Structures are given as structure tokens and as C-alpha cells.
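Engineer: sequence-free structure coming up:
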């Protein structure tokens, strides 16, 4: 089948580089801070090792496997793998992730615990397989870790080729044959990946002292590139060969070994490339070492090169991959792994020829460049090939020559890299999703920890979908979910209706009246003249259009407040101001899960810095930002703060005394730089119950109840509290990263409530 | 207790006329069209006679009792009573409501069926009481119907008086004593109501032939005012007297009769005014005849006068209502009822004096005017008193002299009135609530029929509350309810997310792409150049901002469409236009309850009128209006229609041929004058199931699914349908009053689903 011709005939020159799907799996070993393999259990936060889609274990309990979903670009895959890495870092308190494919300091074999799975059917199968492996292969070998690169073409692309090339074979069979052609060619060329990107030239002595048992030769580390891909790596005990003629024959030739009990099942075939089946067929490339010096061990250039090699393998000429060649090519890889720093070593090209590593390599890269250039190869891919050409001409450029090969420094150098990875610990944001609202980032992070599937349906609107095998949930802005009814939202949105609903439930609300026109409101000025009042639009959020007038307000202030409120809505409310502190109660179902008091923007004097400088220092915190992507907002010094300071006979050049708190605004919104103080443990059950009652009166499940309390030490009598608002979309981030207090873990509680 | 003084001291001069609560109960007999009492059962649509709050029966099965909720104004009460009347008219197909307090043509007593209640405890009690009454009183007497006027002061008002006047008695006792004072005075003055407003000077012979049995004198109809309030009316068999000194003694004196088995229970005391207890204490005035000539039998002036008499009874001097006076005052009423057209008849004023009707009447009215004028009596109330003064001086003015007193014309005159009441039959709107959206009116009407409690929480927003003893539901715009989840609304609101959700459920949606900028969209012009496409904002409703471009569109049309869509949202969708007819599927839960095809505004030619005239004729239908308060919208002739006609080589002066349909617009929205055609029975189950599946995919219960179908006679294959939108707030009125087709009774189905 001439794929190259078909691609051109179907004008797929561009699509062959873009309509691709990728997935990454990365293994790594948990270590203690001194470089010794961790003997602890897999972090329980990740739940079931079987069901969690992202955080699994491989052979050993300490061997974490990070798995990405399928993406359309390698970049996205790599980014998500980094994210998983960062989340892992957050959860590993006194441990780190070992950055090298070769294991860290290992204990004696019998101290290496194999992964312990649960008692589900899949769990029992996984346990049995590991027990089988322990008997067959040395435990330490199985601790070698690498990256698996999953690759497939978009179904539509294959469909077009199928239509063009073949009318008799069915689509599924056709696509398998297509991948089998890639496998045949990849077998031939895959040594290149080891040469360019192999990254295990050395390891720790605790690995070798056991390994010695079945390998006789002494290792010459001066030429080694990839111990992991060499005969010292984790390999099948025998050099199996398969029938690559077509997929049926291929399948039969594997099953033959399984029947003969030489293989446990297909998965025990440790070829450098395998055909696998998930939602659809894909290829798994297995000979990639971790690059210990790069973030999360991912070598982006390497992945892009592998992609090109796979595409090339499809479009270049085909050949018969005989059993003999299979052994030759495997030995080519092992030879390059052990001696590849000498580019003059001789490799078997085909039945008839041998060639030096360098010459054959250049030949392949040049052919790749020529052939792929007849399609719309992207510039950076062309550069990649050019650089690989240089690597062949200058061995100093290859990865194995750039990483520390000193056996004595193996532990210290890798510990230093591991520590670099840990720097993302304690970050509140979600790598790659920083443009989402922080509340959504927090919820997504929790979903990822639980290994749930997710999809961003609308990035701007923070609209996501979360699912597992059992259920699907849609969520907008973290707290808009199927848990709440449509009418709850409408009740809360309409402040007048909210009050009616709360009154009906016998809950205290501020006394007030609705107005339909400025004139109507102005007529009642006399009623409010000597009272502290709140003027607000009937419907709106975030405190927009709300004015608070103290008891000395005049007609002009009053009219301005009315005009402001009417500029936001056609109906407004005027209410008696309730004295006391305002608390935000975050309710889920029948429980108040968090309480926050918002304090207006302020600085704490140190007797040295002036107000402006103190604001700058306070704003410097990583917790403060310019929008809802940070837990707190930066304090702004503007006309309002200036006027507010003036009232206190201060300006921003004023130097507050030690321990003096200077408030910069009247309103306590977080959005104007206010501080959030956690009060969850300081407020009594009876107030919490009132918040729950209010939520239930509005038929809601998740709500943010804004309650004014005169004195939290007093019981919740009608005189002591009043509910001024219930919010249908309360932020969770303010309760997760308060200025002072505990993380109230609301994402966990929402996902629990949603039934995940 | 000097209430007058206390009112003034507390500055309640105004409130004594405004802080009042009223309720009305009206009995009336169902009759056949020939004036014979109906022998059918109470309309089953009203459900339980016990639980329905508005539609009950009184003594007989044919005797409907209409009950209003409590309102703050008599006007509102009267309006609601009219509404109940109109609804009753709608439900009585071959029957009418008899407008007169005296019964229609009655059959022999044994053919009068007493009300039949259900087997609940309250039902059984009601049955037993009626069986008792049948034994004690002639059946025909009990068919006399009247209006009961329920009256109370606002609790706050009583509270203020209580505070001022009394510190020892508790509030409840105080309010009862206050009402008892009113009862004492009202007993003395109540004959005035009969004189002014009595409206039963005559009746039908079928009533008297039985009545004769226990009354000996012959009736002289020349002087009669109110047979219902006379000795020929439905009265206690004995003239009971009670101890009116205080409420405890009063209570005891009633219970004495109950113990002696002279009364079945308190309710068998048929005094003209009674103290009753609902949510709080109130007074029931019972001597009001129906005014047969006025709408629904309500005499608004009478009710306002009764109100004034009750207020006067509170503030005027008190006296001791002895047993002797009780009998005298009862006899005064009976005398006025039988002979009141002679204003010289002598009435007993007190223990010492008698007076002519006219003189004493004038004396009372003058004192009322003087005393009430010391408060802020409203002008119309003052006028009312002035007019009553005139009534005393000119007997021709009284109601009894204004209605037809001719015994021979009793049936024909009343049938003619009854027919007038029926004119509101078949009206789709809800009297008194025409400002609400029609969908809300339809839902409310159904709620009222079922006798549910309701409240309009926000008129502008069509936000209502419906409840019974078991549950409370909040509803906005008829279809926004607790049945739907918040996220369903958000899914449907976002067209992009909707598509993702539908695709996930394997439902066909138009192919399309999202754009974030005009530039982005313009770049793809080439893709859409030769295709018929739809350009629409990502979120919005009612077709706003949507353009349909046919395959010949040029760059300019394309850009205009993009600009329009972007003027409504920051993101837009461009989709392939799907050919076919668009149908609106109205889904509730797991069923498609209605399907509608919307046809663009059009006229049907008659060979005579031109297009403009045909539009005028079509617009003349009562079904068409200017906003969502009518089932259909008026067709507008504007630039768009002009251009559309031009394309057909027509203008509005063109006279279409007989049976020629001329379309006036491309779009089929009802809002631009389109017609709605019911297809519920014409579309097969498989399409209905797809609409249900789409609704469930969006996790919704109530939705309006807009589906394009190429050919409804073909099965629902992927090629034959596409869902272009799901609406979270589908109107119900279009399915209840389609241009062609059946009323699909969606209000019933929504209330059923809500569990009412």
C-alpha cells in the first residue's frame, strides 16, 4: 500500500502532521530525601490504583505511573504530564520523585514491595501478574523506569486513506495493517532514538550488585548510552520473534508463546514498539529513557522526533521483517545502547548489508527529510531532523554525553534534579489551566487527584465535564452543578424573592421595601432620613450597584445611591442597615462547611515603612493577584483609599506604628484587596444551622449565605443576626486559601456530594 | 375601651381604613340553560371539595361555594371572586351559575342531592352534618345563597391598640374583645345593610310551595326587600340569645345550646355576624344578598359600606346587648326585610325608644359620617355614606327597588343575567392577571382550579409560589421550576456546550465551529462560501442575533451576519444550515407532551382583499396581541416583510388569489406573527424519543427541543433529523392555544409533575 501517494492524492499533506493523537505514560520511583527508595505506600489520596486514570503504580509499590489522557498535540500531553508531576509533588511530603530511569539507592530485593492492589477482580489479576513477574525476573530490574509514548492517527484520516487504498478490507483491519507497517519499519530505525536520546549511561551500585548474577561481562561505562535498553535492562528472557506479515499472523505468533507458557499474556512482550487497543488501536513506543535533567523527565524534542519516525515508518518503503532481522535489529539497539558513543560501530542494515552507526543514521535522516519534505512538514520538525543530523556528526551533542555520567555522583546529581522538581509544591494553581477561575482550578485539581476523566467544555465560562465509568457531571464555575435546582438560582438571583422565601421559612432578613422608580424612592426619603440604610439593585451579584448610607446621609447622597442602583436594574431595594460583622457561610447540603469573615483592605504597621510601601509588601505575596485566578486580590491605592485615609487624617506617606492596623477601605470585598479570615471553628452550630435552613428554604444544595452577626459569642436570636443575601455561585477559593485559617477542602466536599 | 381616642393618640387615623383584611365567600346554584336546578355533580376538575381552597360546595351538590383568599383590599377580593366565577364559567359546559340569592326552578325536595364528600375524616364529618341539616331544615331553604364578607384588622394595628389600651389582658383575648364590641354594635345597625342592599324581594314559586308549610301568613311582595333575611329565609328554628358581655361568657352561652342539642355545633348559629377563627380571628358578616344584576353578584358599594359599618361599630359607644335587645334587633331585620320599602315602619332602637326606619337610619348615617370624619376617611367612603343618606330619603334608590321584582319574570330575568356572566367563557387569559406572561396565566389558572394556594412573588418576573398543605414550589415563567437543575439551564444557555452534550449522547447536531473574533470568522469565509449557513451568538434566546445565509451569500452578507452575532455575545457559532421543517418538542420528564411547527407569518388570499387588509383581518383575532400575553402575535408589516414580498414580485397592495398562501417573512418565530400548528399526533414515537433523550442528556426535566426534520413520514435516522437547540424556558401557551390543533394541557402536566 503506497501511503505516500494516497496522502498526496487526498491532499492530506498537512493533516499527516496534525491529525494525530498522543498519550504519555511515565514511570518513576518515589524516594526519600536521602536518595533511598521509599518504602511507604502509594499516596492514599489517589484512591484506587486500578480506577484512578492518572496516578497508578507499576511493578513496585514505590513505582508511580503517571498516565495522560489522549491529546492532539505532544505539547498538551507533556503539559498534562507536568501537571500530574506537580500534583504528585504536592502530595509527597517527605519524599521526592526520582528523575532517572535507573533506580535510586535500592535495598535488598526482598525489601522491595510489589504493588498491592485491592480485592476487585482487576486488582486480583494485577496482584497475580506481579507475583508471576517476581518469580521470573529480578525485582530490581523491574524498577527501571521510562516513558511510554502512545501514538495514533485520527480516525478520519485513516478513514480517508482506507477509502482511497482499499475497498475490500474492513476499516478496523485496515487500520491495524497500517500500524503493522509502521511497526515493521520502526523496528529497523528505533536504534536512532536510543542513540539520540538514551539517558541511562550509568546507575547506582545497589542496582548492579544483584544484576551481576546473570550477566558475565564487566561494563565499560565509557561508551554506554542506555543501560535500560541494553542487555542489562529489563528484557524478555528470550529473544522472541513474531510473524509480522499481517495482523492475524502476528497475533497468532504471539499467542503461540502464551500457549507455550513462555509469555504470561501479550503484555509480557517487551518489544520497543507494540500494537495496543484502547478506545481504538494505537502504537506504544517503549524505548524512551527519562531525561533526568529536564522537567518531569520529558524530552520534548525526543517525543517530536519519535513522532516523525513513526510517520516516516508509514510512508517509506515496506519490507519483510524476517525472524532473523528481528534479532538483528534488537541486537542493533543493544549494541547502540552499550557502545553507541563510538559512531563507527557496525550495525546490520538488512539481509545483505552492514553499515557504521553514523553512515546509516545519516542515510535514514536524509531520507526522512527528503520524503517528509514532500508533505507539509512543519518548520520545527524540519529543524529537529537537521539537529539529529548534527548529532550523528558530533557525538558530543547527544543526550547521553550531556548528562552526568559519573557513577560516584549518580545519587547527588539526581537528588539535586529531584529537588528542582519539588519547587512547584504548595502552589495553589493548576499548571496549564491558570486562565481558569481559581475555584475551577481547585475543583479540577481534586478531580485529577481522584483520577476522574474531565473535559473543558468552555474555557472562558469555566464550564467543565467530569466523569467516571459510572456517571457524568457538568459543572460551571465550580459550584454551579446538577446539585442545585434551576429555581434555587432564580430565587437567589432575585433579592426580593429571596427575602420572601427566607421570611416564609421564619429567617430574619433586613426590613426593607422595593421601588420601581427613582421618584418612588425619593418620595420615601423622609422614612430613611435618619437611618443607616443599604440601597441595592434587585438582582445583581458581587456587590455591584450597592451603596451603604450612614444615618447622617442627605437627600443628595440618597439620590445618588438610588441612581446608581437603578443604573443596574429596573427595580431596587432599600433596606435598614444591620449592624455587625458580615460572614460568608458556605453550605453544602445539610452542613455549613466553611465560614469566612472578610476584612477590608488593610496594612499592619511596623514603624518603618509608610502605607504605600506596606501595601507593596503585602501585594508581593503569591496569594495576591489581579483577578479571580489568585486567592486574594492586590490592594489598590486609588481615590477611594485616599479619601478613606483622609478621614483618618492620614495619607499614603504616613508611617503606621508597630502593630497598628490601618484600614484602607470601608467595604470588605475580597475583590478590592480585603483579607479573608476563616471562622469555621469559631462560630457556633446554631448560626451554622440557620445558614443551612436558609439554603434549604431556597431549595438549594450549594450556597453562600451572607449573614450579619452582632456578636458571635451570643446565641443566634432574632436580634443577633440577619441574612442579607444568599449566593448561588459562591467562590470556593476564598475558603481554600484564606488569608488566615485552614484550607476547608471544599473541592473534596463538592465532588463527594456529586457522588464521585 | 375608647378605641376612637386610642386610634388618634397612636396616629392611626389613616390606618384604620387601610390596614384591613378581607375575604369573600359566595354561594350560587348551578342551573341548566332553562333555569332548572342542575342535577349533575360538582365539576370533577375542582377535585376534592374539602381540599380545594376556592371551589367548594355548600349544602347541596349543585350549590357551589367560591372562596377568595384574604386580601388587603375589597377590590382585590372582588376581583378574585370574579376570576373564580370566570373559571367556573369555563368549566360549566351546559350549565350556568344562577345569579340570584333565591333559588332557580327547584325540583321536589327529595330530588335535591346534598353535597357528597369523600371518605376522608373531614369528608365524613361534612356528610354527617348535612344529613343532620336535612332532618332539621327544609332542603329548599338551604339552597338560599348569599355572600359572606370576612373582615379583620391587621395584627399590627390591633397590637398597637393593645399596647395603648391594655397591659394585663393578653393579645389574643384583647383582639377577641375588640371584635365582640363590633358584633354588639353591628347587631344593632345591621338592618341598614338589608335596607340598602337587600336583593331578594321575590323568588320562584317552586321555592314557596314547600316553604308555605311552616309559615302561615300570605306574602305581600309590594314591600319586600330581602326574603332571604326575612322569616322566610334560612334561619335557626328558634331565636337564640347569647351572653355578649365578654368572649368567655359568649362562648359558654353558645356551648350551652350545643350541649342541649339545640345546636349541632357553633357553626349552626346563623347570626348575621359571627366571630370566626382561621389563621387568626376574624368577623363573618352573613346577611348580604347576591345582587343579581351586577357582575358575579358582587355589590362593591355594599361591601365598602359594610366595612364602614364595622369600623364604626368599633369606634362608636358601647352598650349592653341584652337578650331582649338581641330579639328586638333580629326582629328589626326581619321587619325591614319584609316591609322596608315603607320607610315609616317602626324599629326598636333600645330598651326605651322606637323610631321610624328613616329617622333612625339618618341618625346612624350622620353619626357615622361625623365620627369617621375625625379619622382620615377616604373620599369615596364619605361619598358612600352620602349616597346611603340619599337612599334613606328616597326609597326608589335602594337595590330592592332597582331589580326586577316581577314574580312572573323571575326566571327569564335571571337567566338573562346568568347568560351575561357566561360571556367570559373560552377566554384564554386570567382575569386580573393579564399583565403576566400568558404561560404563567395558564399555569396559575390550572393551580386555581386545583384549589392551590398561590402568591405572586414578583409580577414583572412572573415569579410565583404555589403550595398546598404538603408542599411549596416556586415557579418562574411557568417552566422554570425545581424540576430542573441549575446546570441544565447553563448547558442549554451555552449553545456550544449544548452541542457537546448532545454529541456525547450520540444525538445528531449541525456541524459547526466556534469563533472568538470577527477576524477569525472572516478567515474561514472560503469554507462556508458555497454553503447555506446559520450564524449565531453562543448564548442568547428567542432567535436574537441569528442570521441564516443561503448558499449564494457573499463576503459582505457574511461579515454583516458575523457582526450582528458578535454584537450579542463575545463568542459565536457558524453552522451548516439543516434543510427541513423546524419543530418544537415540549418535553416533560420522559415524555414529549406536545409538538409544534411554526409557520412564518402569512395570509390566505380570498381574491378580494389585498395583503395589507388580509393582515389586518388576521390580526383582528383575539388570539393575537402585541406581547407574550396573547397566544399569537400580531403580524407586522415592516421593511423586512416589504423586502420579502418584493422577492416574490409582490407588495402589500397586491390581492392574492383565493386559497393562495402568501408568506410575509422567512423566519417562523411566533414573535414575528408566525402561526403555530400542532403536530403532536402527527410525529412518530422515535422522534419524540430523541427529544426526550436530548432533554435527559442535558439533565433537564422540562425543555423545548428544536428539531429540524426533513420528512416526518420517514424514520428518525441520523440523516433525517438534527437538533439545533434545546430551550430551558419553553413557552407553554403556544401549545395550549395553537393556531391550528389541540390544547395540549401543559399546565396540568407541569403541576402533575411538580406533585400537586
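Structural biologist: In hand now; what should we look at? Here the structure is a predicted model, which is why all the values come from computation and not from measurement.
Engineer: how many neighbours does residue A:327 have?
Structural biologist: Close neighbours of residue A:327, defined as other C-beta atoms under 10 Å in any protein chain shown, add up to 14. Heads up, the C-betas are built off the backbone N, CA and C, glycines and all.
Engineer: got it, and residue A:160?
Structural biologist: Residue A:160 is flanked by 19 other residues according to other C-beta under 10 Å.
Engineer: shouldn't it be in contact with residue A:12?
Structural biologist: Yes. In this structure, residue A:160 is within contact of residue A:12 by C-beta atoms under 8 Å, at 6.5 Å.
Engineer: Pull up the residues of the stretch 551-700 of chain A that are close to chain B.
Structural biologist: Contacts of the stretch 551-700 of chain A with chain B, taken as C-beta under 8 Å from any C-beta of the partner chain, map to A:570-571, A:699.
Engineer: Need the nearest residue in space to residue A:471, chain neighbours excluded.
Structural biologist: In this structure, residue A:471 finds its nearest non-sequential neighbour in residue A:755, 6.3 Å apart by C-beta to C-beta, 6 or more residues apart in numbering or on different chains.
Engineer: neighbours around that neighbour, how many?
Structural biologist: By other C-beta under 10 Å, the residues close to residue A:755 number 11.
Engineer: tell me the pLDDT at it?
Structural biologist: Per-residue pLDDT puts residue A:755 at 95.
Engineer: repeat for residue A:212
Structural biologist: Note on residue A:212: pLDDT of 49.
Engineer: Could you tell me the end-to-end distance of stretch A:148-157?
Structural biologist: Its start and end residues considered, stretch A:148-157 measures 24 Å (C-alpha to C-alpha, to the nearest Å).
Engineer: ok, and for it, which residues are buried?
Structural biologist: By 16 or more other C-beta atoms under 10 Å in any protein chain shown, the buried positions in stretch A:148-157 come out as A:148-155, A:157.
Engineer: got the contact list for whichever strand or helix holds residue A:521?
Structural biologist: Under the criterion of DSSP states H and E, residue A:521 resides in helix A:518-523. Helix A:518-523 is touched from outside by A:515, A:555, A:558-559, A:562-563, A:566, A:572, A:574, with contacts defined as C-beta atoms under 8 Å, 6 or more residues apart in numbering or on different chains.
Engineer: give me the low-pLDDT residue ranges for chain A?
Structural biologist: Residue ranges of chain A with pLDDT under 70: A:166-167, A:210-217, A:424-426, A:540-543.
Engineer: secondary structure class for the residue of it most remote from its centre?
Structural biologist: The centre of chain A is farthest from one residue, residue A:526, which by C-alpha atoms, centre = their mean lies 58.6 Å away. Per DSSP: H, G, I helix; E, B strand; the rest coil, the local secondary structure of residue A:526 is helix.
Engineer: Please apply the same query to residue A:176.
Structural biologist: Put simply, residue A:176 is helix when judged by three-state DSSP.
Engineer: Please identify the helix or strand for residue A:172.
Structural biologist: Using DSSP H and E, residue A:172 sits within helix A:171-189.
Engineer: near chain B, which residues of chain A show up?
Structural biologist: For chain A, the residues in contact with chain B (C-beta under 8 Å from any C-beta) are A:455, A:457-458, A:460-461, A:463, A:465, A:472-476, A:480-491, A:494, A:496-497, A:500-501, A:504, A:570-571, A:699, A:728.
Engineer: Which of these fall in strands?
Structural biologist: Those of these mapping onto strands are A:455, A:457-458, A:463, A:465, A:472-476, per DSSP state E.
Engineer: Not counting residues beside it along the chain, what's closest to the residue in the stretch 101-250 of chain A positioned nearest to chain B?
Structural biologist: Using C-beta to the nearest C-beta, the closest approach of the stretch 101-250 of chain A to chain B is made by residue A:156 at 12.6 Å. Leaving aside its sequence neighbours, residue A:156 sits nearest to residue A:19 (C-beta to C-beta, 6+ apart; 6.7 Å).
Engineer: mind checking how far the one you found is from residue A:157?
Structural biologist: Going from residue A:19 to residue A:157 by C-beta to C-beta, to the nearest Å gives 4 Å.
Engineer: Mind listing the shared neighbours of these two?
Structural biologist: Common contacts of residue A:19 and residue A:157 (C-beta under 8 Å, 6+ apart): residue A:12.
Engineer: Could you turn the buried ones of the ones in strands among the residues of chain A next to chain B into a ChimeraX selection?
Structural biologist: The buried residues among these can be selected in ChimeraX (16+ other C-beta under 10 Å) with this line:
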select /A:457,458,463,465,472,473,474,475,476
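Engineer: how about the ones in strands among the residues of chain A next to chain B in JSON lines, adding distance to residue A:355?
Structural biologist: Shown next, in JSON lines, are these (distance: C-beta to C-beta, whole Å):
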{"residue": "A:455", "distance to residue A:355": "48"}
{"residue": "A:457", "distance to residue A:355": "53"}
{"residue": "A:458", "distance to residue A:355": "54"}
{"residue": "A:463", "distance to residue A:355": "56"}
{"residue": "A:465", "distance to residue A:355": "52"}
{"residue": "A:472", "distance to residue A:355": "55"}
{"residue": "A:473", "distance to residue A:355": "58"}
{"residue": "A:474", "distance to residue A:355": "58"}
{"residue": "A:475", "distance to residue A:355": "58"}
{"residue": "A:476", "distance to residue A:355": "60"}
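Engineer: quick one: the spatially most central residue of chain A from chain B, how far?
Structural biologist: Compute the mean C-alpha point of chain A, and by C-alpha atoms, centre = their mean the closest residue is residue A:83, 3.6 Å away. Going from residue A:83 to chain B by C-beta to the nearest C-beta, to the nearest Å gives 22 Å.
Engineer: Also residue A:292?
Structural biologist: 40 Å.
Engineer: Residue A:675 bridge partners, please.
Structural biologist: Note on residue A:675: beta-bridge partners by DSSP bridges are residue A:599.
Engineer: Can you name the residues that contact it?
Structural biologist: Neighbouring residues of residue A:675 by C-beta under 8 Å, 6+ apart: A:598-599, A:601-602, A:632, A:739-740.
Engineer: Helices of the stretch 251-400 of chain A, residue ranges please.
Structural biologist: With DSSP state H, counting those that start in this stretch, the ranges of helices along the stretch 251-400 of chain A come out as A:300-315, A:323-339, A:357-373, A:379-393, A:399-402.
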